[in-house]
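Asker: need the 3D shape of this:
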Amino acid sequence: MDLPHNPAREARRKTELHEKLGSERPRCIYCGCAEPVALRPVTRKFLRDHHVLGRNHDPDTRSVLCQNCHALAHENLLNAEVDLEPESNPVKRVAKMLRAEAVHLEMMATAKRRQVALLEGGRQ
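Answerer: This is a model prediction of the structure:
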């Protein structure tokens with residue numbers, strides 16, 4: 001059974017998603033996904049923005065990720081042994097933030113290499 005298509009409702013949902021994401025043209029910084037539905041939360045576990053240095057370490061440094069890249073980013077943080085728990089010791093806190101930033105920069109470098117390959121016709 002085909003559901004009726006309602007263009008007005010679809011346009012309203014799209015506008016609401018863009019407003020929630022704070023951008024007319026939101027895009028995952030890692031994979032480039034620009035589909036608003038993939039950039040919004042589906043449960044409390046999935047965030048529409050990623051706290052690059054860890055929410056408990058630096059709640060203001062954030063970027064929009066698609067759900068897949070957000071899950072991958074957290075897996076990479078776990079693999080790099082980045083502890084995201086609050087840290088009262090300022091030296092240890094900065095060390096955690098630097099480790100998290102390294103994970104972010106590695107993911108950005110991978111994304112940029114992929115973009116270059118696309119521009120150069122698929123060459124790696």
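Asker: can you report how many residues lie near L53?
Answerer: For L53, the count of nearby residues is 24 (other Cβ atoms under 10 Å). Glycine gets a C-beta too; all of them are placed from N, C-alpha and C.
Asker: poorly predicted segments of the chain, please.
Answerer: 1-4, 18-24, 40-49, 122-124 (pLDDT under 70).
Asker: mind listing what's buried along stretch 78-93?
Answerer: Buried residues in stretch 78-93, counting neighbours by 16 or more other Cβ atoms under 10 Å, are found at 82-84, 87, 93.
Asker: which of those residues lies closest to L39?
Answerer: L84 (21.5 Å; Cβ to Cβ).
Asker: number of residues surrounding the residue nearest to the closest one when sequence neighbours are not counted?
Answerer: Spatially, and ignoring its direct neighbours in sequence, L84 is nearest to G54 (4.5 Å; Cβ to Cβ, 6 or more residues apart in numbering). Applying other Cβ under 10 Å, we find 22 other residues in the vicinity of G54.
Asker: same question, P36
Answerer: Quick note: P36 (other Cβ under 10 Å) scores 20 neighbours.
Asker: so what's the residue count around the residue nearest to it when sequence neighbours are not counted?
Answerer: Closest residue to P36 apart from its sequence neighbours, by Cβ to Cβ, 6+ apart: L17 at 3.9 Å. Neighbour count of L17, defined by other Cβ under 10 Å: 16.
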